[in-house]
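# A predicted structure for the sequence below; I have some questions about it.
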Amino acid sequence: MATKRQARTAVQTRAKNTNAAKTPTAAPATGATVFEQRLARHHDELRWLYMELYGNSDMFAELVGQLRNYFDARPRTLKALDAQREGRAWYRDRAMLGMQMYIDNFAGTINGVEQQLPYLERCHVNYLHLMPFLDTPADKSRSDGGYAVKDFRRVKPELGTMDDLAHLAEACHKRGISLCMDFVMNHTSDEHEWARRARAGEGEYMSRYFFERNQGIIDQYTRDVPQVFPTTAPGHFTYLPELGQSVMTQFYPYQWDLNYRNPRVFNEMMYNFLYLANQGMDIIRIDAVPYIWKQLGTTCRNLPQVHTIVRMMRMISEIVCPGIVLLGEVVMAPVEVVPYFGTVDKPECHMLYNVTTMATTWHTVATHDARLLRQQLNAVCSLPHSYTFLNYLRCHDDIGWGLDYPALEAWGMAEVPHKQFLNDYFQGFVPGSTSRGELYNADPTTGDARFCATTASMCGIEAAGFEGNEAAMSTAIAKDLMLHAYMLSQSGLPIIYSGDEIGLVNDYSYQEDPEKAEDSRYIHRGRFPWELVSNIDDAGTVQARIFTGLDQLERIRREDPVFDASAEVYAKDYSDDAILWIVRRAGDTTLHAVYNFSDDEKLLWMPQEGRYHNLVTEQDSTFQTFTLPAWGFAWLEAR
Ligand code: GLC
């Protein structure tokens, strides 16, 4: 452990080196110096927070010793990448484009993914989120799609090995692709070694989870803490007859919540995190992070101690592996999400999911009313530019209708009936809806339900294909491309959900698989249809229309500085509620990105007559009014 004096000396050395670093001939600092410098930068705050939470200086000393070990073990190539990335928000570059995928669905194994890197490059992907691949129970009905981890240091054997992963990371880095993985830190599988030993009655391991005998306390949790999976996994505790006690399981009964009040849990989980970072991971998605601290009498969500832990993780990563990015999975209301960025001086996550914008987007599709989306985008745009959001239309999870209901109520849309309308709409039960999909965790007590389907199915591609209706297919493809264009015109990191680039529709086969049938999220976790990929070169096919459309939009975004994260962005008020009008300004350039969320053609008015360049058609013309077809869009740059 560094003393204060050592820390000061290290700070002075750092100051000297910072000056030296400006001269290109400066000799690189030695490994020891780099580590000491980084540690010195954070030591006092890290120690303060650790002691505040745990009051255990021996465990803190152990942690610091291990940080050094993980730094020493970090491969040279990753250290070089750290040096390039340190202090640079590399993940905010407008050329960044992400894709999220399941290894088995996409290419069978990790080695299979490596072989398919040329396809991902063709998709312009330079950020690849591999869905959970660490070892989980063999029985899929007890793995929560990989989110019940049995061993944090072992890859699921059917997907490959840790060496394969490190090899893939190296191959990706050579191509400028960064890798994202999930770090499931709220819970372990009940087959994890700690859980097995706890179940055998070993006190040391029991203290890593929450065991409870008192039914009164269990009842109080039930009263105060909202349900995560009200239908598929009701309750917060699971009774273990062999121990005559219950264990806390906020998610599924086989996912035991870890007890972060125990510093052993924190330390060991940090070692796992650093071990994984050292395999070449670039982005660590901190799964379900709001849930990690529990306090009886609260909702057990977003407690201040959660922020202390995330802040400590940020410092730990800046000490050992500053090239990596922390992506917080905070699926909460906006007021709860933003604090996970921390402050400018004391940052927590680098990046967060733009979850409310995503849900509000689909609300806009169903209602043809962009007013709420404008408000939501303006709320996001008014945040400091350094706050980076990950934008997406669909992911592996359901859509929860977390909307701004007070605003909607003022426009006559009350929460419960509106959620019912959205769920009916997207199931295709409302006249005019072409969407297809299924409910998820319908809660009879609250009348709440979430929704599952792929982007393409929600846009009507599935229904149009089934009916063989070409006109409906054209509208569905237009809607799909318009939504992607809208996503690409937001600041932040756009993520394509694997399969969306070729319009992949729902996969109902999960219903016949007893290990998946209970969980309708599998409807959008289907096998990647390689047989359809050949169609992308066959103009006129659904796959080619979507793939080439996206290809063009992605190229425009990459090449035009108006898409920089530093641009000034806002959603304009426009008299027609069905129109979303985003303005982006960077330098002298102004982009009008206009989206028609309705089934009607619209005549639209520019603020003034002028010369505009259409980025998609590449045509210049002078006009004041222009038309957008149903579900059409335009990217117009004032010239
Ligand atoms: C996250 C994942 C979700 C999983 C849950 C429990 O929310 O996205 O798929 O069920 O965490 O780990």
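Ah, there it is.
# Of all residues in the stretch 251-400 of the chain, which one is closest to the ligand?
Ala288 (4.1 Å; C-beta to the nearest ligand atom). Where C-beta positions appear, they are placed from N, C-alpha and C, glycine not excepted.
# excluding its backbone neighbours, what's nearest that residue?
Asn186 (4.5 Å; C-beta to C-beta, 6 or more residues apart in numbering).
# And that neighbour, how far from the ligand?
6 Å (C-beta to the nearest ligand atom, to the nearest Å).
# That residue is in contact with Asn259, isn't it?
No - counting by C-beta atoms under 8 Å, Asn259 is not a contact partner of Asn186; they are 10.8 Å apart.
# higher neighbour count, those two?
Using other C-beta atoms under 10 Å, the more surrounded residue of Asn186 and Asn259 is Asn186, with 25 against 19.
# per-residue confidence averaged over whichever strand or helix holds Asp82?
Element membership for Asp82, per DSSP states H and E: helix 76-85. In this model, helix 76-85 has an average pLDDT of 97.
# List the buried residues for it?
78-79, 81-82, 85 (16 or more other C-beta atoms under 10 Å).
# Name the surrounding residues that touch that helix.
28, 31, 34, 74, 90, 170, 173, 278, 280, 282, 321-323 (C-beta atoms under 8 Å, 6 or more residues apart in numbering).
# Contact residues of the stretch 401-550 of the chain facing the ligand?
Residues of the stretch 401-550 of the chain lying near the ligand by C-beta under 6 Å from any ligand atom: none.
# now the helices: where do they sit in the stretch 401-550 of the chain?
Here the stretch 401-550 of the chain has its helices, by DSSP state H, counting those that start in this stretch, at 405-410, 415-427, 455-459, 461-467, 470-488, 530-533, 542-559.
# Measure how buried the residue of the stretch 51-200 of the chain found nearest the ligand is and give me the count.
Nearest residue of the stretch 51-200 of the chain to the ligand, counting by C-beta to the nearest ligand atom: Tyr147, 3.3 Å away. Per other C-beta under 10 Å, the neighbour tally for Tyr147 reads 21.
# now it, nearest residue through space, not along the chain?
Using C-beta to C-beta, 6+ apart, the closest residue to Tyr147 is Val184 (5.3 Å).
# quick one: that neighbour and Gly145 touch, right?
No - using C-beta under 8 Å, Val184 makes no contact with Gly145, being 10.7 Å away.
# Looking at these two, which is more packed in?
Val184 (27 against 17).
# Give me the buried stretch members for the longest strand along the chain, please.
Longest strand in the chain, counting residues (DSSP state E): strand 602-614. By 16+ other C-beta under 10 Å, the buried positions in strand 602-614 come out as 602, 604, 612-613.
# circling back to that earlier point, identify the contacts common to Val184 and Gly145.
Joint contacts of Val184 and Gly145 (C-beta under 8 Å, 6+ apart) are Pro132.
# circling back to that earlier point, next up, phi/psi of the residue of the stretch 51-200 of the chain closest to the ligand, please.
Main-chain torsions, Tyr147, degrees, to the nearest 10: phi -90, psi 10.
# Distance of Arg223 relative to Gly235?
The gap separating Arg223 from Gly235 is 12 Å, by C-beta to C-beta, to the nearest Å.
# Who has more neighbours out of the two?
Per other C-beta under 10 Å, whichever of Arg223 and Gly235 has more neighbours is Gly235, with 17 against 8.
# Shouldn't that one be within a helix?
No - secondary structure assignment places Gly235 outside any helix; it is coil (DSSP: H, G, I helix; E, B strand; the rest coil).
# In this structure it contacts Thr222, no?
Yes - Gly235 is in contact with Thr222 according to C-beta under 8 Å; the separation is 6.7 Å.
# where does Leu327 land in three-state SS?
Once three-state DSSP is applied, Leu327 turns out strand.
# swap in the one 3 residues further on?
Taking three-state DSSP as the rule, one finds Val330 in the coil state.
# So, low pLDDT: which residues of the protein?
1-32 (pLDDT under 70).
# just the helices of the stretch 401-550 of the chain: most buried one?
Across the helices of the stretch 401-550 of the chain, averaging neighbours per residue (mean count of other C-beta atoms under 10 Å) puts helix 455-459 on top, at a mean of 29.
# Thanks again, I'm all set now.
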